[in-house]
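When you get a sec, could you give me coordinates for this:
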Amino acid sequence: MTWKNAFLRQARSDFRTFRDLQKGNAPLCHQAHYVQMATEKLAKAYLCPPDGEPPRPTHDALVKFLRVCIERPEIRRRLGFGDVTICRAHIRGLLPLAGQIQELAPEGGALDKPNPEYPWRDAGSWQVCSPLDYAFPQFANAKDPQIGRLLNLVRRLLETDL
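Alright, predicted model coming up:
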């Protein structure tokens with residue numbers, strides 16, 4: 001198995017787990033965690049060379065990948081975009097949300113900002129906070145069209161082979 005295929009398989013599993021958590025009304029922190037992991041691994045699967053080395057061990061992959069999608073006709077087709085202008089506008093509209101999702105991963109074990117995985121210390125109040133008690137504004141409104149568009153894009157890419 002290649003790194004590319006292994007990352008894609010894991011991204012699919014993470015996304016299925018997210019959907020299961022969503023259906024079961026699991027706490028938002030768990031849903032956010034699995035969306036972050038699924039999108040990171042999906043991005044790494046697409047950015048990884050076909051028979052190459054594994055991608056760099058970083059959480060910053062989703063925004064870079066979405067920018068690559070605009071320039072790659074085969075990915076645009078998988079997403080249902082024939083016109084690069086429409087694809088560019090669609091994806092650029094998703095970049096702020098994608099950046100917020102990407103930032104959910106606690107980088108280097110730092111416990112100084114909200115994340116869905118570990119407790120952290122609030123910079124203003126110095127109170128220790130649990131992910132279970134945090135609203136995760138990126139996901140709080142499940143009917144937000146941006147979330148729907150991003151999740152639809154992820155679902156489409158996960159349904160196709162690389």
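
residue closest to the middle of this structure?
Residue closest to the average C-alpha location in the chain (CA atoms, centre = their mean): T39, at 2.8 Å.

how close does that one sit to F18?
10 Å (CB to CB, to the nearest Å). No exception for glycine: its C-beta is placed from N, CA and C like everyone else's.

now E159
From E159 to F18 the distance is 15 Å (CB to CB).

Just want to know which of the two has more residues nearby.
Taking other CB atoms under 10 Å, E159 and F18 do not tie; F18 has more neighbours (23 against 9).

Surely that one is within a strand?
No - under DSSP: H, G, I helix; E, B strand; the rest coil, F18 sits outside any strand and is assigned helix.

Apart from its neighbours in sequence, what residue is nearest it?
Closest residue to F18 apart from its sequence neighbours, by CB to CB, 6 or more residues apart in numbering: Y34 at 3.7 Å.

Quick check, the one you found in contact with T17.
Yes - shown here, Y34 and T17 form a contact pair, counting by CB atoms under 8 Å, at 5.1 Å.

More neighbours: which of those two?
Y34 (22 against 18).

where do the helices sit along the chain?
Counting by DSSP state H, one finds helices in the chain at the ranges 3-23, 28-47, 62-71, 73-78, 84-102, 137-140, 145-159.

which one of the ones you listed has the lowest average pLDDT?
Among the helices of the chain, helix 137-140 carries the lowest mean pLDDT, a mean of 79.

Show me what that one is packed up against.
For helix 137-140, the elements it packs on are helix 28-47, helix 84-102, judged by 3 or more CB pairs under 8 Å, 6 or more residues apart in numbering; DSSP states H and E.

For L132, which of the ones you listed is the nearest?
helix 28-47 (5.8 Å; CB to CB).

Tell me how far that closest one lies from the chain's centre.
Centre-to-centre, helix 28-47 and its host chain are 4 Å apart (CA atoms, centre = their mean, to the nearest Å).

re earlier: so which of the helices and strands packed on helix 137-140 is the most packed in?
helix 28-47 (a mean of 24; mean count of other CB atoms under 10 Å).

now that one against helix 84-102, angle please.
130 degrees (axes from the mean of the first three to the mean of the last three CA atoms, to 10 degrees).

quick one, helix 28-47 and helix 145-159 angle?
50 degrees.

tell me the angle helix 28-47 makes with helix 3-23.
Going by the same axes, to 10 degrees, helix 28-47 makes 160 degrees with helix 3-23.
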